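Undergrad: need a structure here:
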Amino acid sequence: MPLLAATGLAKSYRGKKVVDGVSLSVPEGSVTALLGANGAGKTTTLRLLLGLAAGEGETFCLGRPLQGWHCPGRVVGAVLGGVGGHPRHRLRDHLTMVAYGLGVPSGTVDAVLARIGLEQAAELRLGQLSLGMAQRAGLAQALLGAPRVLILDEPFNGLDPHSIAWLRNTLRHFADEGGAVLLSSHLLAEIDQLADRVVVMARGRVAAQSTVEEITRQAGRHVVVESPELGRLAAAVEEHGGRLQPLDGVRARVTGLDRRRIGHMSAERGIPLYWLGEKCASIEEFYLSVAEQEFSTQ
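TA: I've put the predicted structure just below:
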């Protein structure tokens, strides 16, 4: 049973459906990425999931409707753009008020601040937080109730490379400890390093969803080569039952042959290779292929 599941989510604005029958699930121990272009309906979908927008459909957390929990914040933690609160409130005071509302001990605040790495910012006012610090503070707020599920909208926005790596590791650790994470993002390279599952949205609907394992299996592996003699290499590859697709003047993608066979074949024929590496299909390639199909049907 997934920790988070949504069925038939739908929302209309001025007679136009911006979310249309979205159903998805997030299993225990996984990170699911919600991908799509601007206007695809990702943020509205997350708001519908959390009951922050009126619409159709149902959301289940740990097998129960979200509204059926006495204190939803102890089941689901959400970050929808930094931390909400009065800009003149100090961070520790703000989190203490949130903890009180969740019914958790006030001592939890300092523990979460240490976990998120914001001990030195505890006395700063919310209005003084940088964008990156506000993102961390939002995550601290979401974690106060020790939820099993995290929902985050564009959590990498405004973060420097060090903070991005920190957040990626934090979310991975949360999932590996038995939690479930659903996040939207435009940074496909980061999603490639983090996600276990992908849901692609287009025009308010789910265009595709798959596990990373399925994406890799269906697309298979390919070899990227770099050589100044791609013409000779292409002929040799085709003779051995493979296919070479040029990427630019010296780089090409080879399917049907593994890198060892290509290396031996090139050595035997005296074809110089500057680079030879094997790659799996990436989430970025999967997303772009789905987006291209959706665009072509418009």
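
Undergrad: beta partners of residue 90?
TA: Beta-bridge partners recorded for residue 90 (DSSP bridges): residue 125.

Undergrad: Quick check: it touching residue 123?
TA: Yes: Residue 90 is within contact range of residue 123, at 5.5 Å (criterion: Cβ atoms under 8 Å). Glycine gets a C-beta too; all of them are placed from N, C-alpha and C.

Undergrad: Can you give me the domain boundaries for the chain?
TA: Residue ranges for each domain of the chain read 4-216, 221-280, as given by automatic domain parsing.

Undergrad: With respect to burial, which of those scores highest?
TA: Stretch with highest mean neighbour count among the domains of the chain: domain 4-216 (a mean of 18; mean count of other Cβ atoms under 10 Å).

Undergrad: circling back: nearest to residue 290 among the domains of the chain would be which one?
TA: Nearest to residue 290 among these is domain 4-216 (4.6 Å), distances taken as Cβ to Cβ.

Undergrad: Quick check: end-to-end length of that closest one?
TA: Domain 4-216 stretches 24 Å from its first residue to its last (Cα to Cα, to the nearest Å).

Undergrad: Ok, stretch 212-227 next?
TA: 30 Å.

Undergrad: Return the distance of residue 184 relative to residue 90.
TA: Residue 184 sits 30 Å away from residue 90, going by Cβ to Cβ, to the nearest Å.

Undergrad: same thing with residue 127?
TA: Distance from residue 127 to residue 90, by Cβ to Cβ: 10 Å.

Undergrad: cool, and residue 241?
TA: 68 Å.

Undergrad: Also residue 254?
TA: 59 Å.

Undergrad: repeat for residue 247
TA: Counting by Cβ to Cβ - residue 247 and residue 90 are separated by 53 Å.

Undergrad: and what of residue 101?
TA: 17 Å.

Undergrad: Turn the domains of the chain into JSON lines, including distance to residue 286.
TA: Formatted as JSON lines, the domains of the chain follow (distance: least, Cβ to Cβ, whole Å):
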{"stretch": "domain 4-216", "distance to residue 286": "5"}
{"stretch": "domain 221-280", "distance to residue 286": "11"}
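
Undergrad: send the alpha carbons of the helix or strand containing residue 192 over as PDB?
TA: Element membership for residue 192 (DSSP states H and E) is helix 188-194. The C-alpha coordinates for helix 188-194 follow below in PDB (Å, rounded to 0.1, in the frame of the first residue of the first chain):
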ATOM      1  CA  LEU A 188      16.100  17.400 -14.200                       C
ATOM      2  CA  ALA A 189      19.800  16.700 -13.500                       C
ATOM      3  CA  GLU A 190      19.000  16.700  -9.700                       C
ATOM      4  CA  ILE A 191      15.900  14.500 -10.300                       C
ATOM      5  CA  ASP A 192      18.100  12.100 -12.200                       C
ATOM      6  CA  GLN A 193      20.200  11.600  -9.000                       C
ATOM      7  CA  LEU A 194      17.300  11.400  -6.600                       C
END
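
Undergrad: Tell me the first helix or strand C-terminal of that helix.
TA: Heading C-terminal from helix 188-194, the first helix or strand you meet, by DSSP H and E, is strand 197-202.

Undergrad: isn't there a helix covering residue 47?
TA: Yes: under DSSP: H, G, I helix; E, B strand; the rest coil, residue 47 falls within a helix.
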